[in-house]
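Q: kindly return the folded structure for what I paste below:
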Amino acid sequence: MQLPIYQKSEINVATPPPGRADASATGAAATDTLGATIASPTRGQYAVVSLGCPKNLVDTEQMLGRLDADGYRMVDSVEGADFVVVNTCAFIDSARAESMEAIDEMLDLKREGKLRNVVVTGCLAERQQGKLLADRPEIDALVGVFGRNDIVSVVDELYSGLEEQRTVFKPAAVNPLSDGIRSAVTPRHFAYLKISEGCDRLCTFCAIPKMRGKHFSKPIEQIVEEAERLGRSGVRELVVVAQDTTYYGMDRYGEPRLNELLQRLDQVESIDWIRLMYFYPMYIDDALIDTLASAKRIVPYIDMPLQHASDAMLRRMSRKTTRKLQTEIVQKLRQRIDSLVMRTTMITGFPGETEDDFKELMDFVEESQFENLGVFTYSVEEDTPAARLPNRVDPEVANRRRDDLMSLQQKIAFRFNGNRVGGVEDVLIDAAMPEQEGVFIGRTRHEAPDVDGLVYVSQVSEESPVEVGQIRPCEIVASQGYDLAAAAME
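A: I've put the predicted structure just below:
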């Protein structure tokens, strides 16, 4: 597989986890994979298309949990559904185009009589609001980011015969939305744990604060309770997500409290791995690093989106950091945390980026040796400061720089994987390979779901079967680009 230049979900309908739809089909109450009680199906059937980042996926699961609890049943085919929920992304141009494509595909099915209703939710709904309804009047309802708790009332009104369009938009909540009611669409053995919502950063290229509001943190006790419930439901890996993870607690407690939160999560015995995503390079102090280095369950993996390394570009982006500070934090983390693997993302073609700026970025990536790295070309976002900046970079130049940076990164990533051959690593088994008996797909501590490479695991002995959800010691026998091949050990 090739490392994605930008994260782009396929327009696929989410599939109910094993047991959830089947249990509902019997007419008896069931329990979803996250432990919530599902009512008997009395209302209708629905499908869901979930696009965008893991934070958005948590929102999808929360809406599905409420629909399930109210008696609606999720199915794995749009053509077998009465209505569809399209949870959209609006992060960059390509994400908006993907969301529009999914909406239009669902509206085509509605015109063909294969769907009764189309409900559009999420970031694109929040950002474009009235324009979406004006351009696509066949959308039955539009639900903004902070209206997600009202998904059931929206659908109930459609089922009661409401013929006019329904919109639900609310201001950002004073307290974060609870994710206590969730129906999982991830595999049973891993889940995303969202610790906060919104963002207080004012990066000049980013429209997320306009869509998701200011940063607000869930209480530590609530997050720990969610983690414990997920562990009881069979989750073995928690992936901690937020718009800005290291800022956690600043709004609620007056200071960053990620260190305390992680210490508490590390004590949840039912969880095996805890993975940290979206680390902003500020607020990483010695105490936090000590916790990461000594934790039993926090894997040595950090995703830290840095965006650039030229001081001129960092200032234009309003990143509140410098190349020197970024270099120091990367070096400190690597020195203090054994076997640390790092992921980052970069932007090429930001307004004003010169060849010298880009050379600085290339030098920084070569120096830092990030094991995983993705690249976005700059996308003009309406109503952001960067949209008004002069000295736009020609798209062909931005693309060429992206390709050059990814070529450099390939060498780093391929060398890292090659050096792993012959070693033994624990692999979390995510799925069985279809039509290849005895072959499975998994990840080690060094790979996050959906964005990093894969490990293809062969079952060596029928007496020691490999099963989905296991954490299995495996010998790494070969590397192929970003991926690895491994043999399960008995």
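
Q: please make it C-alpha for all contacts and neighbour counts, starting now.
A: OK.

Q: other SSEs contacting the helix or strand hosting residue 46?
A: Assigned by DSSP states H and E, residue 46 belongs to strand 45-50. Where contact means 3 or more CA pairs under 8 Å, 6 or more residues apart in numbering; DSSP states H and E, strand 45-50 is packed against helix 54-69, strand 73-74, strand 83-88.

Q: mind checking which of the ones you listed is nearest residue 286?
A: Smallest distance to residue 286 across those (CA to CA): 27.6 Å, for helix 54-69.

Q: show me how far that closest one is from its chain's centre.
A: For helix 54-69, the gap between its own C-alpha mean and the chain's C-alpha mean amounts to 13 Å (CA atoms, centre = their mean, to the nearest Å).

Q: next, the angle strand 45-50 makes with that helix.
A: For helix 54-69 against strand 45-50, the angle between stretch directions is 170 degrees (axes from the mean of the first three to the mean of the last three CA atoms, to 10 degrees).

Q: quick one: mean pLDDT for helix 54-69?
A: With pLDDT averaged residue by residue, helix 54-69 scores 91.

Q: same for it, what does it pack against?
A: Helix 54-69 sits against strand 37-38, strand 45-50, strand 73-74, helix 151-159, strand 190-194, with contacts defined as 3+ CA pairs under 8 Å, 6+ apart.

Q: kindly export it (C-alpha atoms) in PDB.
A: Output of helix 54-69 as PDB, limited to C-alpha atoms (Å, rounded to 0.1, in the frame of the first residue of the first chain):
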ATOM      1  CA  PRO A  54     -11.900   9.500  13.600                       C
ATOM      2  CA  LYS A  55     -13.500  12.400  15.600                       C
ATOM      3  CA  ASN A  56     -16.300  12.400  13.000                       C
ATOM      4  CA  LEU A  57     -16.600   8.600  13.300                       C
ATOM      5  CA  VAL A  58     -17.200   8.900  17.000                       C
ATOM      6  CA  ASP A  59     -20.100  11.400  16.200                       C
ATOM      7  CA  THR A  60     -21.400   8.800  13.700                       C
ATOM      8  CA  GLU A  61     -21.400   6.000  16.400                       C
ATOM      9  CA  GLN A  62     -23.100   8.300  18.800                       C
ATOM     10  CA  MET A  63     -25.900   9.000  16.400                       C
ATOM     11  CA  LEU A  64     -26.300   5.400  15.500                       C
ATOM     12  CA  GLY A  65     -26.500   4.500  19.200                       C
ATOM     13  CA  ARG A  66     -29.400   6.900  19.600                       C
ATOM     14  CA  LEU A  67     -31.200   5.500  16.500                       C
ATOM     15  CA  ASP A  68     -30.700   1.900  17.700                       C
ATOM     16  CA  ALA A  69     -32.000   2.700  21.200                       C
END
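
Q: circling back: which residues sit against the strand holding residue 46?
A: Strand 45-50 has contacts (CA atoms under 8 Å, 6 or more residues apart in numbering) with 11-14, 56-57, 60, 72-78, 80-88, 102.

Q: does residue 384 touch residue 209 like I think?
A: No. Residue 384 is beyond contact range of residue 209, at 10.2 Å (criterion: CA atoms under 8 Å).

Q: re the thing from before, out of the helices and strands packed on strand 45-50, nearest to residue 414?
A: Set against residue 414 and scored by CA to CA, the helices and strands packed on strand 45-50 come closest in helix 54-69, at 26.1 Å.

Q: quick one, which of the helices and strands packed on helix 54-69 is packed in tightest?
A: strand 73-74 (a mean of 28; mean count of other CA atoms under 10 Å).

Q: neighbouring contacts of the host helix or strand of residue 107?
A: Remark: residue 107 resides in helix 93-111, with elements defined by DSSP H and E. For helix 93-111, contacts defined as CA under 8 Å, 6+ apart pick out 8, 11, 49, 51-52, 79, 84, 86, 88-90, 115-118, 120, 124, 138-139, 379-381.

Q: for the very next helix or strand once past that helix, packing partners?
A: Once helix 93-111 ends, the next helix or strand along the chain (criterion: DSSP H and E) is strand 117-122. Helices and strands touching strand 117-122, by 3+ CA pairs under 8 Å, 6+ apart, are strand 83-88, helix 93-111, strand 141-143.

Q: same list (the ones you listed) but as CSV, adding distance to residue 309 and mean pLDDT.
A: What follows is the helices and strands packed on strand 117-122, written out as CSV (distance: least, CA to CA, whole Å; pLDDT from 0 to 100):
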stretch, distance to residue 309, mean pLDDT
strand 83-88, 31, 94
helix 93-111, 24, 93
strand 141-143, 38, 90
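
Q: so which of those gets nearest residue 257?
A: Among the helices and strands packed on strand 117-122, strand 83-88 comes nearest to residue 257, with 30.6 Å by CA to CA.

Q: figure out how far that closest one is from the centre of its chain.
A: 18 Å.
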